[in-house]
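# everything below, folded, please.
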Amino acid sequence: MGEKSKAEKVVSQMYDHDAFSQWMGIERVVVEEGHCVLRMKIRKEMTNGFAIAHGGITYSLADSALAFASNSHGRKSVSVETSISHTHALREGDEITATATEVSISEKIAVYYITITNQHGKTVALFKGTVYRTGREWEV
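Alright, predicted model coming up:
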């Protein structure tokens, strides 16, 4: 197995200190500069009174994908604006995948689209995130 890329090192460091992403059971599938793919399974304690996944679950998965993709360049970045559209309900046992794609990056601002799909490839949520790119670098 080869040595980890800078993006993988940054995201590993972030994930190791991210108790919430760990609690959610997020699996890192792909980590590259400006891009990542995350996967997780909906558990019973993630559902609401309608027996569907709480909207905060898909939001949180997308938010983690935004954080990992935007920091993968090695510069510390924080979200400044996010939005989500929930397009299909999820239930206990569903497996969801978030794919973060960088659509614009400058010295200080970057924009990402995150698509969340279920185990059947159906889009269940669409997320857009804008981040502020600080002047501080990750030490990896």
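
# centre-most residue in this structure?
Central residue of the chain (C-alpha atoms, centre = their mean): A65, 1.4 Å from the mean position.

# now do the SS call for that one.
When classified by DSSP: H, G, I helix; E, B strand; the rest coil, A65 comes out as helix.

# in this structure, where's the longest strand?
strand 123-137 (DSSP state E).

# what packs against that one?
Secondary-structure packing of strand 123-137 (3 or more C-beta pairs under 8 Å, 6 or more residues apart in numbering; DSSP states H and E): helix 55-71, strand 75-86, strand 95-105, strand 109-117. In this view, the C-beta of every residue, glycine as well, is placed from N, C-alpha and C.

# list the buried residues of the first one.
Residues of helix 55-71 classed as buried under the neighbour-count rule (16 or more other C-beta atoms under 10 Å) are 57-71.

# ditto for stretch 110-121
Quick answer for stretch 110-121 (16+ other C-beta under 10 Å): A110, V111, Y112, Y113, I114, T115, I116, T117, N118.

# equivalent analysis for stretch 16-26, please.
D18, S21, M24, I26.

# let me see the contact set for the first one.
D18 makes contacts with S64, as judged by C-beta atoms under 8 Å, 6 or more residues apart in numbering.

# against L38, how distant is it?
12 Å (C-beta to C-beta, to the nearest Å).

# common neighbours of these two, please.
S64.

# count the residues that sit near the closest residue to G34 other than its chain neighbours.
Closest residue to G34 apart from its sequence neighbours, by C-beta to C-beta, 6 or more residues apart in numbering: E102 at 3.5 Å. For E102, the neighbour count with other C-beta atoms under 10 Å is 19.

# is it true that E102 touches A7?
No. E102 is not in contact with A7 according to C-beta atoms under 8 Å; the separation is 11.5 Å.

# buried stuff in stretch 133-140?
Neighbour-count burial for stretch 133-140 [16+ other C-beta under 10 Å]: R133, W138.

# and stretch 22-41, by the same measure?
Buried, per 16+ other C-beta under 10 Å, within stretch 22-41: M24, I26, R28, V31, G34, H35, C36, V37, L38, R39, M40.

# same question for that stretch, mean pLDDT?
Taken as a whole, stretch 22-41 carries a mean pLDDT of 98.
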